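Asker: predicted coordinates and the sequence they were generated for:
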Amino acid sequence: MNETPLTRWHQQHGARMTDFHGWLMPLQYTSITDEHLAVRHAAGLFDLCHMGRICLRGPDAAAFAHWMTTADVKAMAEGQVDYGFLCNPRGGIVDDITVYRNADEVMLVVNGANRLKVMEWLTAHRDGYAVEIEDASTRLGMIAIQGPQAAAILQETTRFPLSTIRYYQFARAEVAGVPMLVSRTGYTGEDGFELYVDAGACASVWERLMTREKKAGDLVAVGLGARDTLRLEASMPLYGNELNDETTPFEAGLGKFVRMDKENFMGRSALLQKYNTPARRLCCLVMNEKAVPRSGYKLYAGETAIGQVTSGTFSPTLQQGIAMAFVQPAYAREGTELAVEIRGRKCAARVVRRPFYSRKKIQKP
Amino acid sequence: MDIPKDLRFLKTHEWARVEGNTVTAGVSEYAVEALNRDIVFVELPGVGTPVEQGKPFGVIEAVKAVYDLYAPVSGRVTDVNPALANDPGIVGRLPWTDGWMIRIEMSDPKELDNLLTPEQYAEQIASEKH
């Protein structure tokens, strides 16, 4: 089992540990609900060292990333982050990623479960490009601080003016005495930062943040359990649940992250044929009654089976069952009344606008 | 965790309090600890529903997981804890007392012999922890 530089800390602080795709990770420290609400109301700290960080370098690094991803990498400014996809020639999603544009390199942050698959995918398509592909996941650690208090707390540990980093931008800065890449991004629906730190310095940065003089309702460590409920409330997809090699970004309602106007990229011609006519659509559902939808539960319109839940949970913020599900397009419209089959009983649900939860918007550059 | 001495148990962590021919059933503190007290929903049978020893009678849902509840004895449901519909968190806070789930009119008191004593249940928990 792979361990992160923070595994020992998690174990020493009472975390319930779990095997997440070969990584020994904290599922929860206290309770999923408490950790979830701490991120919504104050701030939470996440060990994300299991995510994959892949660095592309060399004269063709940007051109290679431009061809392989749906992001318009050539048009990205230095210090900009973009969300997007690696697509296969059928338009299916190899992985959903964030792309970091540096002066001398492009970094792709990929799902932990897909790290080796993406390394193989990139390596298999590098012919003709002068590009070096480095799996930097063990050299570089990754920590996220998320929540309405995240910026104020992080600012206590750095002289760098964090307010100059806007949403989906990053900068190099010294935080807690350690040089790192500070990115205003996240997977919780809250304001916050993702920090890319030398693996050897990860534990000291984490300690420094966790042992500051605390105020009431201050920073707490958050496990993968609450990470999942937070992303689901923000209706952010999870690879393996909502996304896979056979699903296009358009079916998943994520077409705006596909820069169809750039000249060409892997999967574009297939997507051109499919993007107006997706066979199914991802929709957001809330339960009209007290019941909790879960992944795999079937969806009905009357007696007709029309799809199934990809992710579901009890929402700690909304205090009701919520789910994302693929349905035939005719049933994906907001307000459509559907039923989720839960233990043999059809429970009433309705389609709502995504996301389930959104904070007050911070301005995007 | 203190295990009340007046209760009997299933291996699946349900408890039974026997008063005459009536058995009150709930889940143990050990079980709710395992769910991290994140209990969001309890689904229970209606009054009059027959239940069978060792068979599911309801469901307990945590934020991220769902578990069956097993009946400690066979019989018919005579009462359902009305407080749990609005506040299932009671089960997490007071599993031995206010968090009770159903009362069952027992059909075969000999079934009580199949249940674990508090000592046996304590041993089972200890073995699960290792």
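Answerer: Good, I have the coordinates.
Asker: all contacts plus neighbour counts: C-alpha atoms, from now on.
Answerer: Fine.
Asker: burial measure for A:Arg101, as a count.
Answerer: By other Cα atoms under 10 Å in any protein chain shown, the residues close to A:Arg101 number 25.
Asker: whoops, B:Pro72 was the one
Answerer: B:Pro72 is flanked by 33 other residues according to other Cα under 10 Å.
Asker: can you name the residues that contact it?
Answerer: Going by Cα atoms under 8 Å, 6 or more residues apart in numbering or on different chains, B:Pro72 touches B:9-10, B:14-16, B:25, B:52-54, B:115.
Asker: show the model's pLDDT score for it.
Answerer: Looking at B:Pro72, its pLDDT is 98.
Asker: now do A:Lys361
Answerer: Listed pLDDT for A:Lys361 reads 53.
Asker: now do the one 4 residues further on
Answerer: Per-residue pLDDT puts A:Pro365 at 43.
Asker: same deal with A:Pro278?
Answerer: Looking at A:Pro278, its pLDDT reads 86.
Asker: for residue 95, which three-state class applies?
Answerer: The chain I'm using is chain A. strand (DSSP: H, G, I helix; E, B strand; the rest coil).
Asker: apart from its neighbours in sequence, what residue is nearest it?
Answerer: Sequence neighbours aside, A:Leu86 is the residue nearest to A:Asp95 in space, at 5.4 Å (criterion: Cα to Cα, 6 or more residues apart in numbering or on different chains).
Asker: wait, doesn't that neighbour sit right on A:Thr98?
Answerer: No: taking Cα atoms under 8 Å as the definition, A:Leu86 is not a contact partner of A:Thr98, at 10.1 Å.
Asker: and the helices in the chain?
Answerer: Just so you know, I chose chain A. For chain A, helices defined by DSSP state H occupy the ranges A:7-12, A:32-41, A:61-68, A:115-124, A:150-155, A:199-210, A:224-233, A:268-274.
Asker: hm, I was asking about chain B
Answerer: Along chain B, counting by DSSP H, helices occupy B:29-34, B:89-93, B:118-128.
Asker: so which of the ones you listed comes closest to chain A?
Answerer: Closest to chain A of the helices of chain B is helix B:29-34 (Cα to the nearest Cα; 9.9 Å).
Asker: that closest one packs against which elements?
Answerer: Packing contacts for helix B:29-34, counted by 3 or more Cα pairs under 8 Å, 6 or more residues apart in numbering or on different chains; DSSP states H and E, involve helix B:89-93.
Asker: packing partners of the helix it packs on?
Answerer: The helices and strands touching helix B:89-93, judged by 3+ Cα pairs under 8 Å, 6+ apart, are helix B:29-34, strand B:39-43.
Asker: right, so those: which one is the most enclosed?
Answerer: Neighbour counts (mean count of other Cα atoms under 10 Å in any protein chain shown) averaged over each of the helices and strands packed on helix B:89-93 peak at strand B:39-43, with a mean of 24.
Asker: near chain A, which residues of chain B show up?
Answerer: Residues of chain B lying close to chain A (Cα under 8 Å from any Cα of the partner chain) are B:36-38, B:40-41, B:61-64.
Asker: max pairwise distance over those: which two?
Answerer: B:Asn36 and B:Phe41 (13.8 Å; Cα to Cα).
Asker: all strands of chain B, in order?
Answerer: Using DSSP state E, the strands of chain B run over residues B:8-9, B:14-19, B:22-27, B:39-43, B:50-51, B:56-62, B:66-70, B:75-80, B:102-106.
Asker: can you redo those strands as CSV with distance to A:Leu282?
Answerer: Output for the strands of chain B, formatted as CSV (distance: least, Cα to Cα, whole Å):
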stretch, distance to A:Leu282
strand B:8-9, 44
strand B:14-19, 39
strand B:22-27, 38
strand B:39-43, 26
strand B:50-51, 40
strand B:56-62, 25
strand B:66-70, 24
strand B:75-80, 38
strand B:102-106, 39
